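1. Whatever this is, show me its structure:
(chains A, B and C)
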Amino acid sequence: MPELPEVETVRRGLAPVMEGRRIESVEARRPDLRFPFPERFAERLVGRTVTSLGRRAKYLLADLDDDEVLVMHLGMSGSFRVEPPDAAIAPGAFHHPRSKAATHDHVRFAFAGGASITYNDPRRFGFMTLSPRANLEAHPLFRHVGVEPLGNALDGALLLKLFADKKTSLKAALLDQRLIAGLGNIYVCEALNRSRLSPTRAAGTLKPSQAEALASAIRATLEDAIAAGGSTLRDFAHADGALGYFQHAFRAYDREHEPCATPGCRGVIRRIVQTGRSTFFCPECQK
DNA sequence: CCTGCTACCTGGTGGC
DNA sequence: TGCCACCAGGTAGCAG
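-> Numbers count the residues shown, from 1 in each chain, chains lettered A, B, ... in the order given. Next comes the predicted model:
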């Protein structure tokens, strides 16, 4: 479920394996994911050292020592698995010895010291590309990417400005990566429930106090999820090194017919469809 | 420019 | 048990 908190969790899990390590080999099992791999993908990576692993919105950014960046997006179903140095995987054998389904293992990166990471993605909506570090923000992928919701820039005043005159719903506005980058279907539902704002309401109708509440709710929702991811990360690392999915108790998402979590609210969560996607909210307290 | 729809791809689930 | 329709965390591209 890669929205911003999941991607950040993956980043934290991969950083110790990747940072400061030389890439020894890259195996791509197929010519493409959502998009074709770039020209000479493996050749351009092998021998490079990952100087740092960062994140922008839902993108992972592995900085390389030749001033290129390996840009990775997990799409809907992408995940990484970490194999420690002692896993001793035979060349060509993509799957972890203890893991069963490896049908959708698409790429493996092996690092100096013996650790490796494997990218698995059943639906293949994810992708990887290489881009020069300079002017990365001008790259077509990032040119229109909006503000980082956990950065200092996001507050009520900015939301008011971003949403000014918008007739589109709050749900759609929050999902628009050109405005705020990193929220997805789940955390939009969560943040709206937390701030008691209706997903169907026109984005341009927010009052300053509501915009402030929404900004705080977005931040708190993401921070809580990242904290939950952090604890799950430890569990997974002990289990089999799987990264990319973690359990999280949601207040509204996927809780149709269940009681609203808002203190004192006696409402029941309802599911509606907005622009083709499920929205979960409480009609009682979200106005 | 804005808004909304479709497509991309596979797997899991629930109804019959 | 099988079959099938429907649903799923994202986003690029296109029509209006």
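2. measure A:E39 to DNA strand B for me?
-> In this view, A:E39 and DNA strand B are 20 Å apart by CB to the nearest atom of the strand, to the nearest Å. For glycine as for every other residue, the C-beta is placed from the backbone atoms N, C-alpha and C.
3. ditto for A:A134
-> To DNA strand B, A:A134 is 24 Å away according to CB to the nearest atom of the strand.
4. Provide the backbone phi and psi angles at the residue lying closest to that residue once chain neighbours are set aside.
-> Nearest non-adjacent residue to A:A134, counting by CB to CB, 6 or more residues apart in numbering: A:D67, 7.0 Å away. A:D67 adopts backbone torsions of phi 70, psi 20, taken as degrees, to the nearest 10.
5. wouldn't A:S216 be in contact with A:A191 here?
-> No - contact status for A:S216 versus A:A191: not in contact, 9.3 Å apart, counting by CB atoms under 8 Å.
6. The two - which one has more neighbours?
-> Neighbours per residue (other CB atoms under 10 Å) separate A:S216 from A:A191, with A:A191 holding more: 27 against 16.
7. can you pull the contacts of the more buried one?
-> A:A191 makes contact with A:L174, A:L183, A:L214, A:A217, A:I218, A:T221, according to CB atoms under 8 Å, 6 or more residues apart in numbering.
8. what kind of secondary structure is the fifth one in?
-> In other words, A:I218. Of the three states, A:I218 takes helix under DSSP: H, G, I helix; E, B strand; the rest coil.
9. need the residues of the stretch 51-200 of chain A near DNA strand C, please.
-> For the stretch 51-200 of chain A, the residues in contact with DNA strand C (CB under 7 Å from any atom of the strand) are A:57-58, A:73, A:75-77, A:123, A:125, A:141, A:175, A:177, A:184-186.
10. pLDDT below threshold where in the stretch 51-200 of chain A?
-> By pLDDT under 70, the weakly predicted segments of the stretch 51-200 of chain A are A:87-101.
11. can you give me the helices for it?
-> Along the stretch 51-200 of chain A, the segments classed as helices by DSSP state H, counting those that start in this stretch run A:156-163, A:170-175, A:185-194.
12. nearest to A:R21, of the ones you listed?
-> Distance to A:R21, taken as CB to CB, is lowest for helix A:185-194 among these, at 31.4 Å.
13. Okay, the closest residue to DNA strand C within the stretch 101-250 of chain A and DNA strand B: tell me how far apart.
-> When scored by CB to the nearest atom of the strand, the stretch 101-250 of chain A has A:G184 as its residue closest to DNA strand C, at 1.8 Å. Per CB to the nearest atom of the strand, A:G184 is found 13 Å from DNA strand B.
14. Skip the chain neighbours and tell me the closest residue to that residue.
-> A:E3 (3.6 Å).
15. and the gap between A:T9 and A:Y187?
-> Counting by CB to CB, to the nearest Å, the gap from A:T9 to A:Y187 is 13 Å.
16. Next: A:E3.
-> Remark: distance between A:E3 and A:Y187 (CB to CB) = 5 Å.
17. the more surrounded of those two?
-> The residue with more neighbours, out of A:E3 and A:Y187, is A:Y187; 28 against 20, by other CB under 10 Å.
18. Quick check: A:P283 touching A:R271?
-> No - assessed by CB under 8 Å, A:P283 is found out of contact with A:R271, at 11.0 Å.
19. do stretch A:64-74 and DNA strand B meet at all?
-> No - judged by CB under 7 Å from any atom of the strand, stretch A:64-74 stays clear of DNA strand B, getting no closer than 12.0 Å.
20. just the strands in chain A please.
-> Using DSSP state E, the strands assigned to chain A run over residues A:23-28, A:50-56, A:59-64, A:68-73, A:79-83, A:105-111, A:116-120, A:127-132, A:242-243, A:270-274, A:277-281.
21. out of the ones you listed, nearest to A:K161?
-> Of all the strands of chain A, strand A:50-56 sits nearest to A:K161, with 21.2 Å by CB to CB.
22. Paired strands for that closest one, with orientation please.
-> Sheet partners assigned to strand A:50-56 using DSSP bridges are listed as strand A:59-64 (antiparallel).
23. before we move on, back to that, can you lay out the strands of chain A as JSON lines showing mean neighbour count?
-> Formatted as JSON lines, those follow (neighbours: other CB atoms under 10 Å):
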{"stretch": "strand A:23-28", "mean neighbour count": "17"}
{"stretch": "strand A:50-56", "mean neighbour count": "17"}
{"stretch": "strand A:59-64", "mean neighbour count": "22"}
{"stretch": "strand A:68-73", "mean neighbour count": "22"}
{"stretch": "strand A:79-83", "mean neighbour count": "22"}
{"stretch": "strand A:105-111", "mean neighbour count": "22"}
{"stretch": "strand A:116-120", "mean neighbour count": "23"}
{"stretch": "strand A:127-132", "mean neighbour count": "18"}
{"stretch": "strand A:242-243", "mean neighbour count": "22"}
{"stretch": "strand A:270-274", "mean neighbour count": "14"}
{"stretch": "strand A:277-281", "mean neighbour count": "20"}
